[in-house]
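> here is my input; please provide its structure:
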Amino acid sequence: MNRKARIWPKTQQPQSRHYNYHCHHSLHLSIFLAVALIFLIGFQAHACTRILYETGTNNYIVGRTMDWYDDTKTDLWAFPRSLKRDGGCGSNSITWTSKYGSLVADIYNTGTVDGINDAGLIVNVLYLSESDYGDAKASGRPLLSIGAWGQYILDNYATVAEAVNSLKKEPFSIVAPPLPGGKAASGHVAIADTSGDSAIFEYIEGKLVTHHNRAYVVMTNSPPFNEQLAIDSYWKSVGGMKFLPGTHRASDRFARISWNLDATPKVDSPERAIATVFSLIRHISVPLGIVDPEKPNLSSTLWRTVADTKARRYYFESVLTPAVFWVDLEKLNLKEGAKPTKLDLSSNPILSGEVSSKFTPTEPFPFLSE
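Residues are numbered from 1 along each chain as shown. Sure thing, here's the model as predicted:
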């Protein structure tokens, strides 16, 4: 899939001046319209980036950045199998018992925004201002807090196909109260599995929209995913060796990381593959200190994760500490009857290497509620 610059042989070069005039005129017009579209959409772009990388040995690794305007108060949690759950919305909440154990990162101790389960399914929740979940109470379906959306997927499914087939039946309606501090809790979800399958779930105008294709290896934020694909198709025609958009807006980040991901070789070494994914998401990160409180679309990268579907290994990197640490799921006790545990990151501890032994028993955080 690596892109190569296309060079016309002399025998294939367009010869007609008339042809060239119209071709160049059309190209200039297309560029003007596309750039205008990107400029307009850029005001609605929001934070965070997610990529899905295929190695040379057919393994799949997901990397993401968390970009936000203030401290997300993120901790890591290990949740065992057979844990009884509810949607966090009172008596009308959906209930379930977890089929899979999971390792997750939270936001504000009110919701799961990132994680992997012991089947190798990975979930990434990113901001999407255009989200519209409809009238949950009028739907007649059981209710699920947006803070529980990612956790519900990790608890119940082993593969992308299984999740897509189940969620398209809409077993719940999403309730999205404001986040602590008053910002809207608006998000869309990307998932990936050990086969490299990928899907993205969004609620647009009150309806669930599912994008399911293993080719969907990049997601940022606004605009909705179908519009992101349209913008990216324009930049593919320009070619990344000539020019790539360079702002921190989501539409620009989508185009830039898409080209770089596609141009990056598929390496065989597991260590080199992890390093490759880290290099990609570090490259697309927003420098610390670049924040606009009125626009969470322009926010500093606070932390990054890399999740290996095959090794069941989850790497975490805070921009406030000088080291990367990781957790091997096989070293966590995720068996039925085990207690939930937490790795407290509130004091920005400097951790490195494998840290599963540092988790301590802790009651699960409550999902975001009204």
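
> avg pLDDT for the helix or strand that contains Leu208?
Using DSSP states H and E, Leu208 falls within strand 207-212. Averaging the model's pLDDT scores along strand 207-212 yields 96.

> can you tell me which residues contact the residue nearest to Lys168 when sequence neighbours are not counted?
What sits nearest to Lys168 in space, not counting adjacent residues and going by Cβ to Cβ, 6 or more residues apart in numbering, is Thr210, at 6.0 Å. Heads up, the C-betas are built off the backbone N, CA and C, glycines and all. With contact taken as Cβ atoms under 8 Å, 6 or more residues apart in numbering, Thr210 is in contact with Val164, Leu167, Lys168, Ala199, Ile200, Phe201.

> which pair of those residues spans the longest distance?
Checked with Cβ to Cβ, those reach their widest spread between Lys168 and Ile200, with 13.0 Å between them.

> return the residues in contact with Thr341.
Per Cβ under 8 Å, 6+ apart, neighbours of Thr341: Trp77, Ala78, Leu332, Asn333, Phe359, Thr360, Pro361, Thr362.

> number of residues surrounding the first one?
In this case it means Trp77. 21 (other Cβ atoms under 10 Å).

> now do the buried residues in the strand holding Leu208.
Leu208, His211, His212 (16 or more other Cβ atoms under 10 Å).

> can you report phi and psi for the spatially closest residue to the first one that is not a sequence neighbour?
The one in question is Leu208. Among residues not flanking Leu208 along the chain, Glu170 sits closest, at 5.9 Å (Cβ to Cβ, 6+ apart). When read as degrees, to the nearest 10, the backbone of Glu170 gives phi 50, psi 70.

> for Glu170, give its distance to Thr276.
From Glu170 across to Thr276, the span is 37 Å (Cβ to Cβ, to the nearest Å).

> endpoint to endpoint, stretch 118-131 covers what distance?
29 Å (Cα to Cα, to the nearest Å).

> sorry, that was for stretch 209-223
From its first residue to its last, stretch 209-223 covers 14 Å (Cα to Cα).

> now do the buried residues in it.
His211, His212, Arg214, Tyr216, Val217, Val218, Met219, Thr220, Asn221, Ser222, Pro223.

> so the third one: helix, strand or coil?
State at Arg214, reduced to three classes by DSSP: H, G, I helix; E, B strand; the rest coil: coil.

> wait, what's in contact with it?
So Arg214 contacts Ser195, Gly196, Asp197, Ser198 (Cβ under 8 Å, 6+ apart).

> same thing but 6 Å
Gly196, Asp197, Ser198 (Cβ atoms under 6 Å, 6 or more residues apart in numbering).

> so Ile122 touches Asp193, yeah?
No. Applying Cβ atoms under 6 Å, one finds Ile122 not in contact with Asp193, separated by 7.4 Å.

> between the two, tell me which one has more neighbours.
The neighbour count for Ile122 versus Asp193, taken as other Cβ under 10 Å, is higher for Ile122 (28 against 24).

> show me what contacts the more buried one?
Counting by Cβ under 6 Å, 6+ apart, Ile122 has contacts Val62, Ile116, Ala192, Ala307.

> what do you get if the cut-off is 10 Å, keeping everything else the same?
50, 52, 60-62, 64, 114-116, 153-154, 160, 190-194, 198, 305, 307-309, 314 (Cβ atoms under 10 Å, 6 or more residues apart in numbering).

> so what sits against both of Lys168 and Ile200?
Contacts common to Lys168 and Ile200, judged by Cβ under 10 Å, 6+ apart, are Thr210, His212.

> quick one, which of those two is more surrounded?
More crowded of Lys168 and Ile200, by other Cβ under 10 Å: Ile200, with 23 against 12.

> which strand residues bridge that one?
Beta bridges link Ile200 to Ala190, His211, judged by DSSP bridges.

> from the buried residues of stretch 209-223, which two are the most distant?
Arg214 and Ser222 (23.7 Å).

> secondary structure class for Asp70?
Per three-state DSSP, Asp70 ends up coil.

> so what does the helix or strand hosting Ser279 touch, helix or strand wise?
Element membership for Ser279 (DSSP H and E) is helix 270-283. Applying 3 or more Cβ pairs under 10 Å, 6 or more residues apart in numbering; DSSP states H and E, we find helix 270-283 packed against strand 49-54, strand 60-67, helix 250-263, strand 301-308, strand 313-318.

> need the nearest residue in space to Tyr157, chain neighbours excluded.
Closest to Tyr157 by Cβ to Cβ, 6+ apart is Ala163, at 4.0 Å.

> gap between the one you found and Ala311?
Counting by Cβ to Cβ, the gap from Ala163 to Ala311 is 21 Å.
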